[in-house]
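Enquirer: this one's sequence-less:
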């Protein structure tokens, strides 16, 4: 007779290193969201168009990591860390699994390709979600060297689209704010 | 063949297509466990006598129509949805039959959300993912061959008080059954037949050439393109061509399946913006912008545009055209089709933005509106799926050419 114990409970393994990598990238992006909203006119315009109660939970399904970004009472963009508990989330953007997160955040797949391949699930207002993706593209341009950023965005902006003065000023100030808080 | 590393595809609408498809409605309702449907339609459909045709098809059955609402406006309106939900509840209905074009079908989807999930404000369910469970039975009977809304998981409903167009996205918004019966498009005027067919053509072409394409949506898209290019002119010249009308109805549904699963690109982004800024019918925008979308993206996906030549023009033309010229030829054939439709509809089918007039003969898109359209287009989600990026200046570049009706100067397209 087959014993019940012949069928032990199986627990899924953990991908700790990958999870930590995605967590670090989300931390950097979260802080960069806040920084860019203060120093870059393009990011500021995007955030201004978002609703007053905007609160984003960008996360990897099913158990995180999370990146919470939203507007405070004064309407300023803030990075609220990685714990969604107690936050009134208005927009959930979930990367469907950790491997998809790795693909996106190692820039093997641009955010557009990831969207086109159904890697991201949105629960909330779609135009606002589009704004978030546009800001992520902008941050990739500001934060990363051109050779890497070109893999992540559909069209790397030329001088006529983003002046070198804006790019370098925003880049410098975002990095300063990223490190100093 | 393009096979993405990963894709998702879903189409679970039972489709009943044919010359007496309407007669299947009582049986279909029975299988859905419904006996008292509410019919939602608009004045045009009612005036054309199509509800009589529908009633005739249900004669002798046990179906008792609970209510008929025939005042859905040309752009679906949240207020109408609230009125309809109240009517549905007051009359004790248990299913919905939507008979009409995209606006009617979207209104019915919105109504179904409220009557199924409860509440009095549709706003609570706006966006993606807010509708999380099965809705009441719904049968979609399209009366135009264009929107493909009978096969899509999306509804767009306007809130005029807040000047918003609210998108609702959920797999539960897919109707249970779509009925494709050519009798329902028989009274469609030639100009509307033309631009709705080009709407379906655009769904299929953008689904085939944009970023989220996949083999299943490709198969639907290619057949849709073939059916439209082979039938649309015949149907306009011979309105009684019921085989052709059935082909167009199927093409529209296939276009809906394709774009619902692989999304659309810049043609829709500009089209939505033009509709929002100038109230130009969606299909009119699609037929004007379609060649421009293909031209703009040619450096990225010219090989896919080239493949369109086969369903657009047939095997002989495809084989006789050198490989490097096929993409250009495909665009030329679409322009030629627009020209033929223009001639066949007594110049009512517009080829450029400056040729779009309202019922009073007033020009709907003036040059000073182009910046507003470009601005709105930059915020449209469709452009995420477009192979090449566009900013405000790029949209203006396309709009200026489309206004005059001249081909795009492709040397000026910014390449990423």
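Expert: All right, it came through fine. These numbers were taken from a predicted model, which means no experiment stands behind them.
Enquirer: so what's residue 75 up against?
Expert: As the question left the chain open, I've gone with chain A. If a contact means Cβ atoms under 8 Å, 6 or more residues apart in numbering or on different chains, then residue A:75 has residue A:52 as its contacts. The way it works is simple: take the backbone N, C-alpha and C, and place the C-beta from them, glycine included.
Enquirer: looking at chain B here, not the other one
Expert: Counting by Cβ under 8 Å, 6+ apart, residue B:75 has contacts B:103, B:158, B:279.
Enquirer: Can you say which helix or strand has the first one in it?
Expert: So the one you mean is residue B:103. According to DSSP states H and E, residue B:103 maps onto helix B:102-117.
Enquirer: got the contact list for the helix or strand just after that helix?
Expert: Proceeding C-terminally, helix B:102-117 gives way to strand B:127-128 as the next helix or strand, assigned by DSSP H and E. Strand B:127-128 is contacted from outside by A:121, A:122, A:123, A:124, A:125, A:126, A:129, B:166, B:167, B:168, B:169, B:170, using Cβ under 8 Å, 6+ apart.
Enquirer: Over to stretch A:140-156?
Expert: A:28, A:32, A:36, A:40, A:107-108, A:110-112, A:137, A:157, A:162, A:167, A:170-171, A:174-175, B:388-389, B:414-416.
Enquirer: Of the residues you listed, which count as buried by neighbour count?
Expert: Those of the contacts of stretch A:140-156 that meet the buried threshold are A:32, A:36, A:40, A:107, A:110-112, A:137, A:157, A:162, A:167, A:170-171, A:174, B:388-389, B:414, by 16 or more other Cβ atoms under 10 Å in any protein chain shown.
Enquirer: Please determine how far the nearest residue to residue B:24 once chain neighbours are set aside is located from chain A.
Expert: Once flanking residues are discounted, residue B:24 sits nearest to residue B:16: 5.0 Å by Cβ to Cβ, 6 or more residues apart in numbering or on different chains. Separation of residue B:16 from chain A (Cβ to the nearest Cβ, to the nearest Å): 29 Å.
Enquirer: and after the host helix or strand of residue B:16, which helix or strand comes next?
Expert: Using DSSP H and E, the element containing residue B:16 is strand B:14-17. Later in the chain than strand B:14-17, the nearest helix or strand by DSSP H and E is helix B:25-31.
Enquirer: what residue ranges in the stretch 101-250 of chain B score low on pLDDT?
Expert: Across the stretch 101-250 of chain B, the ranges flagged by pLDDT under 70 are B:163.
Enquirer: nope, chain A is what I was after
Expert: Along chain A, the model assigns pLDDT under 70 to residues A:1, A:181.
Enquirer: Please look at residue B:122 and residue B:77 and confirm they touch.
Expert: No. Counting by Cβ atoms under 8 Å, residue B:122 stays clear of residue B:77, with 10.4 Å between them.
Enquirer: Following the helix ranked longest in chain A in sequence, what is the next regular element?
Expert: Looking across chain A with DSSP state H, the single longest helix is helix A:16-39. Following helix A:16-39 in sequence order, the next helix or strand is helix A:41-48 (DSSP H and E).
Enquirer: In its sheet, which strands sit next to the very next helix or strand once past that next one, and in what direction?
Expert: Next helix or strand after helix A:41-48 toward the C-terminus (DSSP H and E): strand A:55-60. Paired with strand A:55-60 in the same sheet, following DSSP bridges, are strand A:66-71 (antiparallel), strand A:91-95 (parallel).
Enquirer: Find the closest residue to chain A in the stretch 51-200 of chain B.
Expert: In the stretch 51-200 of chain B, the residue that lies nearest chain A is residue B:129 (3.6 Å; Cβ to the nearest Cβ).
Enquirer: burial measure for that residue, as a count.
Expert: When neighbours are counted by other Cβ atoms under 10 Å in any protein chain shown, residue B:129 registers 16.
Enquirer: With residue B:86 instead?
Expert: When counting by other Cβ under 10 Å, one arrives at 14 neighbours for residue B:86.
Enquirer: any idea how far it is from residue B:79?
Expert: 11 Å (Cβ to Cβ, to the nearest Å).
Enquirer: quick one, what contacts residue A:126?
Expert: By Cβ under 8 Å, 6+ apart, the contact set of residue A:126 is B:127, B:128, B:167, B:169, B:381.
Enquirer: same thing but 10 Å
Expert: By Cβ atoms under 10 Å, 6 or more residues apart in numbering or on different chains, the contact set of residue A:126 is A:91, B:126, B:127, B:128, B:129, B:154, B:166, B:167, B:168, B:169, B:380, B:381.
Enquirer: just curious, which of those residues is nearest to residue B:402?
Expert: residue B:380 (15.8 Å; Cβ to Cβ).
Enquirer: tell me which element the closest residue to that closest one other than its chain neighbours falls in.
Expert: In space, and not counting its chain neighbours, residue B:380 is closest to residue B:269: 3.9 Å by Cβ to Cβ, 6+ apart. Here residue B:269, judged by DSSP H and E, is contained in helix B:266-278.
Enquirer: Any residue of the following helix or strand past that helix touching chain A?
Expert: Using DSSP H and E, the helix or strand that directly follows helix B:266-278 along the chain is helix B:282-296. No. Counting by Cβ under 10 Å from any Cβ of the partner chain, chain A is not contacted by helix B:282-296; separation bottoms out at 12.2 Å.
Enquirer: Tell me the gap between the strand holding residue B:16 and the middle of its chain.
Expert: With Cα atoms, centre = their mean, to the nearest Å as the basis, strand B:14-17 stands 18 Å off its chain's centre.
Enquirer: Pull out the buried residues from that strand.
Expert: Residues of strand B:14-17 classed as buried under the neighbour-count rule (16+ other Cβ under 10 Å) are B:15, B:16.
Enquirer: Can you name every helix or strand that it contacts?
Expert: helix B:25-31, strand B:138-142, strand B:177-180, helix B:242-262 (3 or more Cβ pairs under 10 Å, 6 or more residues apart in numbering or on different chains; DSSP states H and E).
Enquirer: how does it look with 7 Å?
Expert: Contacts defined by 3 or more Cβ pairs under 7 Å, 6 or more residues apart in numbering or on different chains; DSSP states H and E place strand B:14-17 against strand B:177-180, helix B:242-262.
Enquirer: mind listing what that strand pairs with, with the direction of each?
Expert: Next to strand B:14-17 in the sheet, as set by DSSP bridges, lie strand B:177-180 (parallel).
Enquirer: Please pull up the helix or strand immediately following the strand it pairs with.
Expert: Later in the chain than strand B:177-180, the nearest helix or strand by DSSP H and E is helix B:190-209.
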